[in-house]
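Peer 1: sequence and computational prediction follow.
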There are 2 protein chains.
Amino acid sequence: MDYIERVRAQWAERLPDVDTSPADVGARVRRIAALLESEMSDDLAGRDVTRAELDVLTALRRSGRPLRAGEITTMTGSPGASITKRLDRLERAGLVERAVHERDKRGVLVALTAEGEALVDEVFPRQIEHERSALADLPAAERAELGRLLAVVLRRLDPKDY
Amino acid sequence: MDYIERVRAQWAERLPDVDTSPADVGARVRRIAALLESEMSDDLAGRDVTRAELDVLTALRRSGRPLRAGEITTMTGSPGASITKRLDRLERAGLVERAVHERDKRGVLVALTAEGEALVDEVFPRQIEHERSALADLPAAERAELGRLLAVVLRRLDPKDY
DNA sequence: CCATGATAGTTCACAGGTAAATCATCATGG
DNA sequence: CCATGATGATTTACCTGTGAACTATCATGG
């Protein structure tokens, strides 16, 4: 009897006509994500960088090259105004550098500094550890099966533009 | 080749020593959750209630009785200060009512109004529809399997206190 | 070659979340 | 019975995110 079963039982009493079975997947996915995010964010405490800011840093790191601000907004899915603010903080912290784009002076090229890169390389593996330890109770075959089933769901939801 | 495979391929180039396989589950779960939440929140647009506020309303609705403010904080996992603010807005909107607790005058009893209840009953089934349609590409047996595997993961992450 | 519309990013104004301090009430042990 | 510490909720002060307005630059068609 996990959290979701308990909630579904409550709904069954109040709204017996509503079929809440999709919550077995949907609500569990949302709750697991929330708990994971919270762990990952705790792991960053005292490091003077938030999960949202780390998303910007990892986008840069895994791209392996400076990015336009616009590329960061599409990769992170966050609106431009948010990215501007995060870049302000990250730049103040010395983790990224902004430079006007040569060819298009409206644009901005954002690059990781050496410290920014070092921070990602130190923190990112630990972030993944949280995902790994969440799977500790599943044998490899079931992990793979879970990944496969989630890919089917994700394909249906994911927007095509990135 | 979905979004997560693309990201993993990028990491494999930059940090070949890091095993990113847990992301097949972890990152997919987090991305699916984000997309679902975003759909569910769009569905509420113009209804003058946010997802966070709806969380409070559904906690009350499925409990079937007035709740202490403290019960709402544990059920939603949000800190007390946030709940106080949401209750302020919900009360102003006429969706809940606050009353001092009889036995313990420090406490507050929060009850759904008739409008609050009507709003939940109208909106909640549509919220679940989003979860249902995300599963459209999975036959019933695989949905059940997916739910079962997620339950194993959730059991590991879920705090015991609620 | 402009003038005009499109595009990239920033600024502004405001909404919402949160930790810490505060206020009111309760419970207890001396 | 208080006095004292615990508890429930609110207030305060601050921070982050976001849509909309704005600024600077680019592109193009007349």
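Peer 2: Yep, it's here. Numbers count the residues shown, from 1 in each chain, chains lettered A, B, ... in the order given.
Peer 1: please, which helix or strand holds the residue nearest in space to the middle of chain A?
Peer 2: The residue lying closest to the centre of chain A (CA atoms, centre = their mean) is A:Asp55, at 6.6 Å. Using DSSP states H and E, A:Asp55 sits in helix A:51-63.
Peer 1: name the helices or strands packed onto that helix?
Peer 2: Judged by 3 or more CB pairs under 8 Å, 6 or more residues apart in numbering or on different chains; DSSP states H and E, the packing partners of helix A:51-63 are helix A:23-43, helix A:69-76, helix A:80-92, strand A:96-100, strand A:108-112, helix A:114-134, helix B:3-14. In short, each C-beta sits where N, CA and C put it, glycine included.
Peer 1: any chance of the ones you listed in JSON lines, with distance to DNA strand C too?
Peer 2: As requested, the helices and strands packed on helix A:51-63 are exported to JSON lines (distance: least, CB to the nearest atom of the strand, whole Å):
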{"stretch": "helix A:23-43", "distance to DNA strand C": "9"}
{"stretch": "helix A:69-76", "distance to DNA strand C": "3"}
{"stretch": "helix A:80-92", "distance to DNA strand C": "3"}
{"stretch": "strand A:96-100", "distance to DNA strand C": "6"}
{"stretch": "strand A:108-112", "distance to DNA strand C": "4"}
{"stretch": "helix A:114-134", "distance to DNA strand C": "16"}
{"stretch": "helix B:3-14", "distance to DNA strand C": "20"}
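Peer 1: now those as a markdown table including mean neighbour count?
Peer 2: Output for the helices and strands packed on helix A:51-63, formatted as a markdown table (neighbours: other CB atoms under 10 Å in any protein chain shown):
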| stretch | mean neighbour count |
| --- | --- |
| helix A:23-43 | 20 |
| helix A:69-76 | 18 |
| helix A:80-92 | 15 |
| strand A:96-100 | 15 |
| strand A:108-112 | 19 |
| helix A:114-134 | 17 |
| helix B:3-14 | 15 |
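Peer 1: wait, which of these is closest to DNA strand D?
Peer 2: Among the helices and strands packed on helix A:51-63, the nearest to DNA strand D by CB to the nearest atom of the strand is helix A:80-92 (3.1 Å).
Peer 1: so is the closest one next to chain B?
Peer 2: No - between helix A:80-92 and chain B, judged by CB under 8 Å from any CB of the partner chain, nothing touches; the nearest distance is 14.3 Å.
Peer 1: tilt between the helix holding A:Asp55 and helix A:23-43?
Peer 2: 90 degrees (axes from the mean of the first three to the mean of the last three CA atoms, to 10 degrees).
Peer 1: check whether helix A:51-63 comes near DNA strand C.
Peer 2: No - legend: contact between helix A:51-63 and DNA strand C by CB under 7 Å from any atom of the strand is lacking; minimum distance shown is 11.3 Å.
Peer 1: re the thing from before, pipe the helices and strands packed on helix A:51-63 into CSV and attach mean pLDDT per row.
Peer 2: Shown next, in CSV, are these (pLDDT from 0 to 100):
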stretch, mean pLDDT
helix A:23-43, 96
helix A:69-76, 97
helix A:80-92, 98
strand A:96-100, 97
strand A:108-112, 98
helix A:114-134, 97
helix B:3-14, 96
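Peer 1: can you put the ones you listed in a markdown table and add distance to B:Leu112?
Peer 2: Converted to a markdown table, the helices and strands packed on helix A:51-63 look like this (distance: least, CB to CB, whole Å):
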| stretch | distance to B:Leu112 |
| --- | --- |
| helix A:23-43 | 21 |
| helix A:69-76 | 37 |
| helix A:80-92 | 34 |
| strand A:96-100 | 47 |
| strand A:108-112 | 47 |
| helix A:114-134 | 35 |
| helix B:3-14 | 39 |
